[in-house]
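Asks: Return a 3D structure for these sequence lines:
(one chain, ligands or ions: 2)
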Amino acid sequence: MKILIKITYRLIKDLIKMTAEKKKQKQKLTVTPEFTLNDDFEPFSEYDSIFGRVKWDKSMKAYKIFMYDKVAEILDKNQVGYTQIDHAMAIASWTVHDYFRNAFSWEKMGSPANIMPGTELKKYDVNKDNIDRITKTIKAVTKSFGADMVGIAEYNPNWVYTEDRAETAIYMPEGITAVIAIGTIMDSDTISTSPSMTQGFASGMGYSQMAFIVSSLAEFIRGLGYTAIPTGNDTALSIPIAVEAGLGQVGRNGLLTTKEHGARVRLCKVFTDIPLLFDEKVDFGLTDYCQRCKRCAEACENEAISFDNEPSFKTYSKSNNKGIYRWAVNVDKCYEFWVDNGGECSTCIAVCPFNARSGKVFTDPADYWKKRLAEQ
Ligand code: SF4
Ligand code: SF4
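Replies: Ligands and ions are numbered 1, 2, ... in the order given. The predicted model follows:
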């Protein structure tokens, strides 16, 4: 009898210990601000991104079907928010991003034809006594160039693409120590017309602003004698970098979500070797919030966002990088909707309660145009 009691006691003790350990392990998993990675994780190739795969992956439903393939057919219906005016404005908003390709040059730009040649100056000395001031100066200058949010993270090679969309290997230069993450807030009136073609204007503007900001900031850093690699969506994953730079967290919709404007923020970044102080990551309880709130999943036009209560390591296709604990988005489904829509969609951005703190959730494109025209 005594032995039986002893065995039962030991079994109960082991069970309690195992439950406590399991609980502890579970607690350690975080979506953000710290990322939980498992052994499946490896740096991502942009060749596997949806915009890379659409050109080569025959297993995709939308293989070789491009975002604007259905535009003519959609415009023929002449629906509010889907007119030639809306489409032309959305496309035009990308102009600076798409045609000023020097904006993303890894080299210092040469002397432009219309001004005097520049002068080579010595490297600006950054030391422990002025590093705080230089860090603040970099942030102030970035904001002067048009950024709304700036954070600085330690360089983390985990987030650099192994290859670009054309399968060319990417090698970050030796000596890079920091990445400056930049956010520009997209216009709320425009985003809230999603999924109309009208809202595409806000995304395109964000991309064109990126080109202006990162190219100017990179030239500023080069002017101090340091290396600067200006990037938009290319070269590295902007979202985890922005998280590590303290701009926000990742939500159920897979986007960088800020406390003040939700995911209504476009991201870009500049890698550099200038010594800088790093920002703290932020945790405003987004993961817990997303566990209860599923508004983005409910609003998504093509069920691309997970309804799962808990985040996990689940992925849907090659376009989700493996081994990251989060709610992965079914980007194939998202892209298929973009094709049917004749352009991008921002519905999951608009409906998020964190966007609603400073922005609108829905505006009828007819009211949007009424307001814009009345202002003239
Ligand atoms: S962008 Fe639109 S289609 Fe894509 S996940 Fe968000 S709501 Fe869904
Ligand atoms: S809509 Fe809700 S669930 Fe989706 S990202 Fe925003 S807070 Fe999270």
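
Asks: contacts, neighbours, all on C-alpha from now
Replies: OK.

Asks: Show me which residues of this structure sit near ligand 2.
Replies: Contact residues (C-alpha under 6 Å from any ligand atom) of the chain with ligand 2: 251, 252, 253, 289, 290, 293, 294, 295, 296, 351, 352, 353.

Asks: Could you find the closest non-adjacent residue to the second one?
Replies: When the adjacent residues along the chain are set aside, residue 252 lies closest to residue 327, with 5.3 Å between them (C-alpha to C-alpha, 6 or more residues apart in numbering).

Asks: Number of residues surrounding that neighbour?
Replies: 26 (other C-alpha atoms under 10 Å).

Asks: contacting residues around it?
Replies: Residue 327 makes contact with 251, 252, 253, 254, 305, 306, 308, 310, 311, 312, 313, 314, according to C-alpha atoms under 8 Å, 6 or more residues apart in numbering.

Asks: could these go into CSV alongside secondary structure and pLDDT?
Replies: Listed next are the contacts of residue 327 as CSV, based on DSSP: H, G, I helix; E, B strand; the rest coil; pLDDT from 0 to 100:
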residue, secondary structure, pLDDT
251, coil, 97
252, coil, 98
253, coil, 98
254, coil, 98
305, coil, 98
306, coil, 98
308, coil, 98
310, coil, 96
311, coil, 97
312, strand, 97
313, coil, 98
314, coil, 97
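
Asks: Drop the exposed ones from the residues you listed and show what's left.
Replies: 251, 252, 253, 254, 305, 306, 311, 312, 313, 314 (16 or more other C-alpha atoms under 10 Å).

Asks: I figured residue 200 was touching residue 344, is that so?
Replies: Yes - the criterion here is C-alpha atoms under 8 Å, and residue 200 meets it with residue 344 at 5.9 Å.

Asks: Between those two, point out the one with more neighbours.
Replies: residue 200 (29 against 25).

Asks: Now for residue 307: which residues touch it?
Replies: 294, 297 are the contacts of residue 307 under C-alpha under 8 Å, 6+ apart.

Asks: Tell me how far residue 242 lies from residue 305.
Replies: 21 Å (C-alpha to C-alpha, to the nearest Å).

Asks: Can you show me the strands along the stretch 151-300 of the chain?
Replies: Residue ranges of the strands in the stretch 151-300 of the chain, as given by DSSP state E, counting those that start in this stretch, are 178-185, 228-231, 249-250, 256-257, 265-272.

Asks: Can you lay out these as JSON lines showing mean pLDDT?
Replies: Shown next, in JSON lines, are those (pLDDT from 0 to 100):
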{"stretch": "strand 178-185", "mean pLDDT": "98"}
{"stretch": "strand 228-231", "mean pLDDT": "98"}
{"stretch": "strand 249-250", "mean pLDDT": "98"}
{"stretch": "strand 256-257", "mean pLDDT": "98"}
{"stretch": "strand 265-272", "mean pLDDT": "98"}
